[in-house]
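Asks: Here's a sequence, model it:
(2 chains)
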Amino acid sequence: ETGVTQTPRHLVMGMTNKKSLKCEQHLGHNAMYWYKQSAKKPLELMFVYSLEERVENNSVPSRFSPECPNSSHLFLHLHTLQPEDSALYLCASSHLFSGGPDTQYFGPGTRLTVL
Amino acid sequence: DAKTTQPPSMDCAEGRAANLPCNHSTISGNEYVYWYRQIHSQGPQYIIHGLKNNETNEMASLIITEDRKSSTLILPHATLRDTAVYYCIVTGLGNEKLTFGTGTRLTIIP
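Replies: Okay, here's the model as predicted:
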């Protein structure tokens, strides 16, 4: 257990559905991240939230909409996805501005399949 | 962030030490070397990190060369549960970006 939980662990959705992924961290961290890992590809950083403000958006399509209501929770809202969006979606958290290096701790991921 | 180079795959016998190399010849003075691993279809797991000195924790040891251009992750007594993809990442202090490459796929052989 890393202190970062993600729900659901598996999700199957149609292209017209709207769904949300949830991430919660119990580590007292002040930064949270969404990564995408497609089959046989490296992890790709999608979004970064620092102190609940979005500080990074790596050219992610608007059909992915993140939300960070507080420092412990992070959501990824999904709508009108494409089959190529099927992937493992990973959440991570870290303690930025601690005076030391930034160690990110990852959740178990949500395996998303878009039909 | 400096680029890293790792062998795509390695095998190691169970019970032996697994030594995973990483080259990071363009590392700058304030950049750390991080190691993560990812067991199939799970989230990456933090292993260890270092700046200049060798480091050891309950999972592994990290040996960094004096010129800091390469490092080796050592799993002292590999078990079957250590089979995973191991990522060597170089990142600066306070840098929120971790750039994952393709890593080394380590297979522990019974």
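Asks: Give me the neighbour count for the residue in chain B that chain A sits nearest to.
Replies: The nearest approach of chain B to chain A comes at B:Gly43, 3.5 Å away (CB to the nearest CB). Every residue, glycine included, has its C-beta placed from N, CA and C. Other residues within reach of B:Gly43 by the criterion other CB atoms under 10 Å in any protein chain shown amount to 22.
Asks: Chain neighbours aside, what residue packs nearest to it?
Replies: For B:Gly43, ignoring the flanking residues on the chain, the nearest one in space by CB to CB, 6 or more residues apart in numbering or on different chains is A:Phe106 at 3.5 Å.
Asks: Phi and psi next, for the one you found.
Replies: Backbone torsions of A:Phe106, given as degrees, to the nearest 10, read phi -100, psi 150.
Asks: Over to B:Arg81?
Replies: The phi/psi pair for B:Arg81 (degrees, to the nearest 10) reads phi -70, psi -10.
Asks: Going by neighbour count, list what's buried in stretch B:62-71.
Replies: Of the residues in stretch B:62-71, B:Leu62, B:Ile63, B:Ile64, B:Arg68, B:Ser70, B:Ser71 count as buried by neighbour count, 16 or more other CB atoms under 10 Å in any protein chain shown.
Asks: For the first one, pull up the helix or strand it's in.
Replies: Secondary-structure element containing B:Leu62, defined by DSSP states H and E: strand B:61-64.
Asks: which residues are in contact with that strand?
Replies: Identification of contacts with strand B:61-64 by CB atoms under 8 Å, 6 or more residues apart in numbering or on different chains yields B:33, B:35, B:48-56, B:70-74, B:76.
Asks: cool, and stretch A:44-61?
Replies: By CB under 8 Å, 6+ apart, stretch A:44-61 touches A:30-38, A:64, A:66, A:68-71, A:74, A:76, A:96, B:96-99.
Asks: What's the PyMOL syntax to select whichever of those residues are buried?
Replies: Taking 16+ other CB under 10 Å as the burial criterion, the selection of buried members of the contacts of stretch A:44-61 in PyMOL is written as:
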select buried, (chain A and resi 30+31+32+33+34+35+36+37+64+66+68+71+74+76+96) or (chain B and resi 96+98+99)
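Asks: sorry, back to before: please compute how far the strand holding B:Leu62 lies from its chain's middle.
Replies: On the basis of CA atoms, centre = their mean, to the nearest Å, strand B:61-64 sits 9 Å off its chain's mean C-alpha point.
Asks: Can you get me a residue count around the residue nearest to B:Gly43?
Replies: A:Phe106 sits with 24 neighbouring residues when counted by other CB under 10 Å.
Asks: my read: it touches A:Thr5, true?
Replies: No - counting by CB atoms under 8 Å, A:Phe106 sits too far from A:Thr5 to count as a contact (10.9 Å).
Asks: Extract the residue ranges of chain A that are flagged as low pLDDT.
Replies: Counting by pLDDT under 70, the low-confidence segments of chain A come to A:98-99.
Asks: Which stretches in it count as strands?
Replies: A:4-7, A:10-13, A:18-25, A:31-37, A:44-50, A:53-57, A:64-70, A:73-79, A:87-94, A:105-106, A:110-114 (DSSP state E).
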